[in-house]
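Enquirer: turn this into a model:
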Amino acid sequence: MYRMRVHFIAVGGAVMHNLAIALHKKGYLVTGSDDEIFEPSGSRLAQYGLLPVKVGWDQEIITPGIDTIILGMHAKSDNPELIKARELGLKIMSFPEYLYEQTKDKKRIVVAGSHGKTTTTAMIMHVFRFLGIKFDYMVGSLIDGFETMVGLSDESEIAVLEGDEYLTSALDKRPKFHLYKPDIAVLNGIAWDHMNVFPTFEIYIEQFRIFTDKISDGGSLIYFDGDAEVKKVALAARNNIRKIPYKIHGYFQNKTGFYGATHNRMIPLKIFGEHNMQNLSAAKETCMAAGVSEDDFYSAITSFEGTSKRLQKLKENEKGLVYLDFAHSPSKVKATVEAVVSRYPGREVIACLELHTYSSLNDNFLPLYEGTLKEATNAFVYFNPHAIALKKLKPISKDIVSKAFAGNNIQVFDNSQELFSYIKNQKYSSPVYLFMSSGDFDGYDLAELIG
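Expert: Down below sits the predicted model:
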């Protein structure tokens, strides 16, 4: 007997299809539809018998027997299935509304910030799993050892959620993380993003002020003391919550590897870079606020290997090394390049950034990237004019991009075939390639660069 019947409008989304799978595994009767489903969503839905039989919207599948409609951000307000659901008076919820409903009786940890959210969330999840703590979760990337990006159960008493500031749905223009009402909130950094939704930095910052106001009475705000904007938001937050500042964790590296360091510990790590040490500090304070001891945290974190597209090593051989990172905001691009350059002293670091977000393709935002790639040996910036047209943005030129980034180590391409042909023809000796994008470089097999 099925416990509940739910239907997903726009089931193919990265997190939406994971929630569909999680509810299916929980015993719910799950259906879904979408007008486009890309990989890996399609094959993963098919694996569980959840792939829609046809692509597109169908009003006929919206019936009075559905308990809840879960509406994805991809679905617009004129969606025929949504219209039918409203006519029938069905319960309609956005992804974050539904996630809160599933976890409202649990202690909720919500990790927010312009960057570092996914890695910090994944670190907390890794520690909890290592220590045998049962928990629900939602994270923005597939994590080693976790089959899905969403996990829900009746046994857990705690939930770990990545708090995204992007909009909730076509019917609800609130940022997603305003709906989660954290008991323990993490704020890891604020750097202007989503310019298409938050047209000024002040409006963007306001979303984080609202987020901190949603923390439960007596809850905790764990915040990065090294970010001036974060500190302002934290200090202005109401006083009936506990405020816990943190700094970048101590670290060093040598020929044997990369280590976290305290006054009495040396912790061998499988991750590297100053930004990851900031994430590690956030995760440590969060785990301790949830009742984990410092000793247990360090025992667990040594085996953490990172997450997909967050300084993910795609391939390494005698011809070189290839990393892929989700970095797209100026501050994260700069930090990621500096981390790789620092980790591989003396090596040629070839940085390649794809401009893919609304903000990064906006000519008013582009000057914020000045100097972000200067530490690389050679740097390439790529954008796809077709992607700009699809987003209905004002066209940009290679010259505009080149002037915005500045520096004599940068070349700009608007054709991916020409970009990769050029890179492959360079005579690098054992290079470290760093590719950064929230897209996929038009599907190019990046690992192929080193054979």
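Enquirer: and the contacts of the strand or helix carrying residue 321?
Expert: In this assignment (DSSP states H and E), residue 321 forms part of strand 320-325. Residues from elsewhere that reach strand 320-325 (C-beta atoms under 8 Å, 6 or more residues apart in numbering): 309-316, 336, 340, 344, 428, 430-437, 446-447, 449-450. Yep, even glycine has a C-beta here, placed from its N, CA and C like the rest.
Enquirer: in its sheet, which strands sit next to it, and in what direction?
Expert: Using DSSP bridges, the strands paired with strand 320-325 are strand 312-317 (antiparallel), strand 432-436 (parallel).
Enquirer: tell me which of the ones you listed sits most buried.
Expert: The highest mean neighbour count among these, using mean count of other C-beta atoms under 10 Å, belongs to strand 432-436: a mean of 24.
Enquirer: give the contact list for residue 437.
Expert: 324, 326, 328, 353-354, 356.
Enquirer: grab the longest helix from the protein for me.
Expert: Longest helix in the chain, counting residues (DSSP state H): helix 274-289.
Enquirer: CA atoms of it as CSV?
Expert: Listed next in CSV are the C-alpha coordinates belonging to helix 274-289 (Å, rounded to 0.1, in the frame of the first residue of the first chain):
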residue,chain,number,x,y,z
GLU,A,274,42.5,27.9,1.5
HIS,A,275,38.8,28.0,0.5
ASN,A,276,38.4,24.3,1.5
MET,A,277,40.0,25.2,4.9
GLN,A,278,37.3,27.8,5.3
ASN,A,279,34.7,25.2,4.5
LEU,A,280,36.3,22.7,6.9
SER,A,281,36.1,25.3,9.8
ALA,A,282,32.5,25.8,9.0
ALA,A,283,31.8,22.1,9.0
LYS,A,284,33.7,21.6,12.3
GLU,A,285,31.8,24.3,14.2
THR,A,286,28.5,23.0,12.8
CYS,A,287,29.2,19.4,13.8
MET,A,288,30.3,20.5,17.3
ALA,A,289,27.1,22.6,17.6
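Enquirer: give the other helices and strands that it contacts.
Expert: Packing partners of helix 274-289 (3 or more C-beta pairs under 8 Å, 6 or more residues apart in numbering; DSSP states H and E): strand 107-112, helix 117-130, strand 184-187, strand 220-224, strand 242-246, helix 294-301, helix 330-343.
Enquirer: list the contacts of that helix.
Expert: Looking at what lies outside helix 274-289 - C-beta under 8 Å, 6+ apart - the contacts are 109, 111, 115-116, 119-120, 123-124, 127-128, 184, 186, 188-189, 220, 222, 224, 226, 242, 244, 246-251, 260, 269, 271, 294, 297, 301, 306, 311, 332, 335-336, 338-339, 342.
Enquirer: one more time with 7 Å, if that's ok
Expert: Residues from elsewhere that reach helix 274-289 (C-beta atoms under 7 Å, 6 or more residues apart in numbering): 109, 116, 119-120, 123-124, 127, 184, 186, 188, 220, 222, 224, 244, 246-249, 251, 260, 294, 297, 301, 335, 339.
Enquirer: show me what residue 433 is bridged to.
Expert: residue 322, residue 350.
Enquirer: quick check: the gap between it and residue 322.
Expert: Remark: distance between residue 433 and residue 322 (C-beta to C-beta, to the nearest Å) = 5 Å.
Enquirer: what residues are shared contacts of these two?
Expert: Joint contacts of residue 433 and residue 322 (C-beta under 7 Å, 6+ apart) are residue 449.
Enquirer: so how far is the worst-scoring helix or strand of the chain on mean pLDDT off the chain centroid?
Expert: Averaged element by element with mean pLDDT, DSSP states H and E, the chain has its least confident helix or strand at helix 385-390 (a mean of 88). Relative to the centre of its chain, helix 385-390 is centred 23 Å away, using C-alpha atoms, centre = their mean, to the nearest Å.
Enquirer: in that helix, what's buried?
Expert: By 16 or more other C-beta atoms under 10 Å, the buried positions in helix 385-390 come out as 387-388.
Enquirer: skipping its backbone neighbours, what lies nearest residue 312 in space?
Expert: residue 324 (4.9 Å; C-beta to C-beta, 6 or more residues apart in numbering).
Enquirer: got a pLDDT number for the one you found?
Expert: Looking at residue 324, its pLDDT reads 95.
Enquirer: give the burial count for it, as a bare number.
Expert: Per other C-beta atoms under 10 Å, the neighbour tally for residue 324 reads 22.
Enquirer: what comes up buried for the longest helix of the chain?
Expert: Within helix 274-289, the residues that count as buried by 16+ other C-beta under 10 Å are 275-287, 289.
Enquirer: any chance of a markdown table for those residues, columns distance to residue 93 and pLDDT?
Expert: Shown next, in a markdown table, are the buried residues of helix 274-289 (distance: C-beta to C-beta, whole Å; pLDDT from 0 to 100):
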| residue | distance to residue 93 | pLDDT |
| --- | --- | --- |
| 275 | 34 | 91 |
| 276 | 35 | 94 |
| 277 | 38 | 97 |
| 278 | 34 | 97 |
| 279 | 31 | 97 |
| 280 | 35 | 98 |
| 281 | 35 | 98 |
| 282 | 29 | 98 |
| 283 | 30 | 98 |
| 284 | 34 | 98 |
| 285 | 32 | 98 |
| 286 | 27 | 98 |
| 287 | 30 | 98 |
| 289 | 29 | 98 |
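Enquirer: residue 398: which of those is nearest?
Expert: Distances from residue 398 to the buried residues of helix 274-289, taken as C-beta to C-beta, are shortest for residue 275 (29.1 Å).
Enquirer: so how far is residue 326 from that closest one?
Expert: 12 Å.
Enquirer: what is in contact with those two at once?
Expert: Between them, residue 275 and residue 326 share no contacting residue, judged by C-beta under 7 Å, 6+ apart.
Enquirer: before we move on, the earlier item: turn the strands paired with strand 320-325 into JSON lines, columns for mean pLDDT and distance to residue 22.
Expert: Putting those into JSON lines (pLDDT from 0 to 100; distance: least, C-beta to C-beta, whole Å) gives the following:
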{"stretch": "strand 312-317", "mean pLDDT": "94", "distance to residue 22": "23"}
{"stretch": "strand 432-436", "mean pLDDT": "97", "distance to residue 22": "30"}
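Enquirer: between the ones you listed, which gets nearest to residue 17?
Expert: Across the strands paired with strand 320-325, residue 17 has its closest neighbour in strand 312-317 (20.8 Å, C-beta to C-beta).
Enquirer: show residues contacting the closest one.
Expert: With C-beta under 7 Å, 6+ apart as the test, strand 312-317 has contacts from 306, 322-324, 446-447, 450-451.
Enquirer: narrow these to those that are buried.
Expert: Burial by neighbour count, judged by 16+ other C-beta under 10 Å, picks out 306, 322-324, 446, 450 from those.
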